[in-house]
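**Student:** No letters, just coordinates:
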């Protein structure tokens, strides 16, 4: 069998076919690579879309979607005006409620920004005490038996009112000694006067006159000593002077009130035998009281004598008692690093009681007028204080503010609000929480 002979012209015809096949294959590979690249870049573009560009669930415009009770009409990452100016973000957000009924159900309460007198203050805890300048401990001036007690704790007394008597046998002896001394003194005075006239007429020697005058001087000293002993027991001048006339030597020593006040302590018992110096009654004038305030070491340098003090006791809501600083303790407690200052306050209606606790403020700055908002109205957002300004019955704008001095229940506002604007107090925290929700971004 013969083998066909090779045709030299067939080889050149086959080469173009192979070239076309290779070109088709390369074109197909290019298409595949192009599609792969397009798919890759398309995915990158998809994941780079920010969450804020996605529609929010509560704001869907499709039929059947429901609006949430509280919707924040703001970007997903709200910023304050200063930040907006820096990065070109949208204006400050506002929180919008679904209806006025929702605001009522959330307990939203509103207060107008007001202007009032403001003074920088230092706050401190405090305690009430009796004013020791108007306080006295009445003690027995001599030994004896207590009797005829006429007052009890809480009784209001008048000056020189008898509180009790002390039966003291020694008192009778002292009265008798004074009566005898005064009688002897009068006799010597008469004798010295007689001898003085006679010596003037040279009827008696001058020696006799000098002896009479010396005896009179000595007797005057004896009578003065007897009188002073009676004074030391509490006998008044009128009582002592009447002894010479009445010659009364009773052993009962009355205990009287030195001034008007209130009996705040009683130790006397009827029939009790007491020694000299034994406590019987404590008397205080309650028209004024002392308040001791506990200051931290860092605040001591701001407090001076004469500064205004306002004290609010814990048990008397709505009652403020005012006075001025009259003493600053020169010593700091080494353990607590606290020092005390004292103020004398007017005790209106005698409502303050010793050992009451409360809070006090000391005005340490010059008074000035400024805008104030309640403490409950101020919230913190992204490190700055804000308030919510009512725009309508359901819309509340976020307003950054600059605060000054914190007073009793209010903040001074330096910038950010105007007098008369309405801010949210109760419920401001709920509105603040809506800002946090939007800051986290929508659910995916």
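**Tutor:** That came in fine, so what should we check first? Worth saying up front: this structure is predicted, and the values here are computed from it rather than measured.

**Student:** Run through the residues that contact residue 407.
**Tutor:** By C-beta atoms under 8 Å, 6 or more residues apart in numbering, the contact set of residue 407 is 118, 121, 361, 372. All C-beta spots, glycine's among them, are computed from the backbone N, C-alpha and C.

**Student:** cool, and residue 280?
**Tutor:** Contacts of residue 280 by C-beta under 8 Å, 6+ apart are 138-140, 146, 163-164, 255, 266-268, 274.

**Student:** can you list the weak-confidence ranges in the stretch 201-350 of the chain?
**Tutor:** In the predicted model, the stretch 201-350 of the chain carries no residue with pLDDT under 70.

**Student:** Going along the chain, name the helices of it.
**Tutor:** 206-232, 237-246 (DSSP state H, counting those that start in this stretch).

**Student:** okay if I get those helices as CSV plus mean neighbour count and distance to residue 381?
**Tutor:** Listed next are the helices of the stretch 201-350 of the chain as CSV, based on neighbours: other C-beta atoms under 10 Å; distance: least, C-beta to C-beta, whole Å:
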stretch, mean neighbour count, distance to residue 381
helix 206-232, 15, 75
helix 237-246, 13, 77
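
**Student:** how about CSV for these, with distance to residue 95 added?
**Tutor:** Shown next, in CSV, are the helices of the stretch 201-350 of the chain (distance: least, C-beta to C-beta, whole Å):
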stretch, distance to residue 95
helix 206-232, 80
helix 237-246, 81
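
**Student:** between the ones you listed, which gets nearest to residue 279?
**Tutor:** Across the helices of the stretch 201-350 of the chain, residue 279 has its closest neighbour in helix 206-232 (17.8 Å, C-beta to C-beta).

**Student:** about what we covered before: tell me which entries of the contacts of residue 280 lie within strands.
**Tutor:** 138-139, 146, 163-164, 255, 266, 274 (DSSP state E).

**Student:** re earlier: whichever of the contacts of residue 280 end up buried, select them in ChimeraX.
**Tutor:** Restricted to buried positions by 16 or more other C-beta atoms under 10 Å, the ChimeraX selection for the contacts of residue 280 reads:
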select :138,140,146,163,164,255,266,267,268,274
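
**Student:** which one of the contacts of residue 280 is nearest residue 435?
**Tutor:** Nearest to residue 435 among these, with distances taken as C-beta to C-beta, is residue 266, at 63.4 Å.

**Student:** give me the beta-bridge partners of the closest one?
**Tutor:** Legend: beta-bridge partners of residue 266 under DSSP bridges are residue 281.

**Student:** Begin at 188, not 1, for the rest of this chat.
**Tutor:** That works, and once the first residue is 188, the last one we named lands at residue 453.

**Student:** That one reaches residue 340, doesn't it?
**Tutor:** Yes: the criterion here is C-beta atoms under 8 Å, and residue 453 meets it with residue 340 at 5.0 Å.

**Student:** Export the ones in strands among the contacts of residue 467 to JSON lines and append columns for distance to residue 613.
**Tutor:** Output for the ones in strands among the contacts of residue 467, formatted as JSON lines (distance: C-beta to C-beta, whole Å):
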{"residue": "325", "distance to residue 613": "54"}
{"residue": "326", "distance to residue 613": "57"}
{"residue": "333", "distance to residue 613": "61"}
{"residue": "350", "distance to residue 613": "55"}
{"residue": "351", "distance to residue 613": "58"}
{"residue": "442", "distance to residue 613": "59"}
{"residue": "453", "distance to residue 613": "50"}
{"residue": "461", "distance to residue 613": "62"}
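
**Student:** So which of those residues is the closest to residue 563?
**Tutor:** After measuring these against residue 563 - C-beta to C-beta - the closest member comes out as residue 453, at 47.9 Å.

**Student:** residues contacting the closest one?
**Tutor:** Contacts of residue 453 were listed using C-beta under 8 Å, 6+ apart, and they are 338-340, 467-469.

**Student:** Ok, residue 337 next?
**Tutor:** Here residue 337 is in contact with 348-351 (C-beta under 8 Å, 6+ apart).
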